[in-house]
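K.L.:
Quick one, fold the following:
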Amino acid sequence: MTPIRIIAADDESGVLFLLGSIINKLDGVQFVGGAENASDTLQLVKEHKPDIALLDIQLPDMIGIELAERLREQKPDLYIVFITAYKDYSLDAFRLYAYDYILKPIDRERVITTIRRIQQQTPENVLSKLASHLQISRMSLNLANERVVVNVNKICYLEKNGRHTLIHCVNEQLKTRETLQDLEQRLGPGFFRSHKSYIINVERVDRVVNLKGSSYYEVKFKDYKSSALLSRDRVHTLMDLIES
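P.N.:
Okay, the predicted model is just below:
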């Protein structure tokens, strides 16, 4: 498996050294460079095409928020993690779809956990997990007093609804007491956990809409009016799955 490439930007050399030492001890990741200003960070991304950028909010030549916008233009699928001593920028940070926001002094375990979470969501890892399931075209669902066989290609998404799970199909909506987690294990390739309460059929996705004033996206489907939620930290993985 290709290592996850990581860069860091901070005007404190000691912070860069600490981040590098943390990253270099992890399996499956590679620290490809550190920069003490925005200009060098942009050059690092251009040269190394990293998967993750750990960014300080306050850099000598550019505010980190502005740098994040520039990096998004340069590499749209880049995972951005802000590392800063300032709490006031959190809303702006997540408006830019930053994956995480880590405060100084840096917690080594928090950095490791964040990197591991991103590893689990990279397209290569997700596709590997999907491929481990047998391809199925139909599945049975345990409803109130009967079992119903459903064509999985007709499923748009599944939604956790209290103690039930709603299965939104093109021509009907079904309710089962089977959990979202159990159904996720039975679904074949092509279904993606877009949110803690939603699993979507990637093949039926029609549009992904940014919900203003919200921390989520809305996923719309072909031939179906209702929509599902998509967490911001899973947007890039979904886009890669759609385009793969």
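
K.L.:
Now stretch 71-89: buried residues?
P.N.:
By 16 or more other CB atoms under 10 Å, the buried positions in stretch 71-89 come out as 71, 78-84, 89. No exception for glycine: its C-beta is placed from N, CA and C like everyone else's.

K.L.:
Which SSE is immediately downstream of the lowest-mean-pLDDT helix or strand in the chain?
P.N.:
Every helix and strand of the chain was ranked by mean pLDDT, DSSP states H and E. The lowest is helix 123-131, at a mean of 49. Using DSSP states H and E, the helix or strand that follows helix 123-131 towards the C-terminus is strand 138-142.

K.L.:
who does that next one touch, helix- and strand-wise?
P.N.:
Contacts defined by 3 or more CB pairs under 8 Å, 6 or more residues apart in numbering; DSSP states H and E place strand 138-142 against strand 147-151, strand 173-176.

K.L.:
Just put the buried residues of stretch 71-89 in JSON lines and tack on distance to residue 205, pLDDT and secondary structure.
P.N.:
Compiled in JSON lines, the buried residues of stretch 71-89 are given as follows (distance: CB to CB, whole Å; pLDDT from 0 to 100; DSSP: H, G, I helix; E, B strand; the rest coil):
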{"residue": "71", "distance to residue 205": "26", "pLDDT": "90", "secondary structure": "helix"}
{"residue": "78", "distance to residue 205": "22", "pLDDT": "87", "secondary structure": "coil"}
{"residue": "79", "distance to residue 205": "21", "pLDDT": "88", "secondary structure": "strand"}
{"residue": "80", "distance to residue 205": "24", "pLDDT": "89", "secondary structure": "strand"}
{"residue": "81", "distance to residue 205": "26", "pLDDT": "91", "secondary structure": "strand"}
{"residue": "82", "distance to residue 205": "29", "pLDDT": "89", "secondary structure": "strand"}
{"residue": "83", "distance to residue 205": "33", "pLDDT": "87", "secondary structure": "strand"}
{"residue": "84", "distance to residue 205": "34", "pLDDT": "80", "secondary structure": "strand"}
{"residue": "89", "distance to residue 205": "32", "pLDDT": "60", "secondary structure": "coil"}
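
K.L.:
want to throw those residues into CSV with distance to residue 42?
P.N.:
Listed next are those as CSV, based on distance: CB to CB, whole Å:
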residue, distance to residue 42
71, 7
78, 12
79, 17
80, 13
81, 17
82, 17
83, 18
84, 19
89, 20
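
K.L.:
Nearest to residue 63 among the residues you listed?
P.N.:
residue 89 (8.7 Å; CB to CB).

K.L.:
For residue 143, see how far away residue 189 is.
P.N.:
Noted for residue 189: a distance of 25 Å to residue 143, by CB to CB, to the nearest Å.

K.L.:
more crowded one of those two?
P.N.:
Taking neighbours as other CB atoms under 10 Å, residue 189 and residue 143 compare with residue 189 leading, 17 against 14.

K.L.:
quick one, phi psi at the more buried one?
P.N.:
phi -60, psi 150 (degrees, to the nearest 10).

K.L.:
mind checking the longest helix of the protein?
P.N.:
With secondary structure taken from DSSP state H, the chain has its longest helix at helix 108-121.

K.L.:
So what's the gap between that helix and the chain middle?
P.N.:
When distances are taken as CA atoms, centre = their mean, to the nearest Å, helix 108-121 is centred 12 Å away from the chain's centroid.

K.L.:
Tell me what angle it forms with strand 79-84.
P.N.:
Interaxial angle, helix 108-121 versus strand 79-84 (axes from the mean of the first three to the mean of the last three CA atoms, to 10 degrees): 170 degrees.

K.L.:
so what secondary structure elements neighbour helix 108-121?
P.N.:
For helix 108-121, the packing partners by 3+ CB pairs under 8 Å, 6+ apart come out as strand 4-9, helix 13-24, strand 52-55, strand 100-103.

K.L.:
I'm done for today, thanks for sticking with me.
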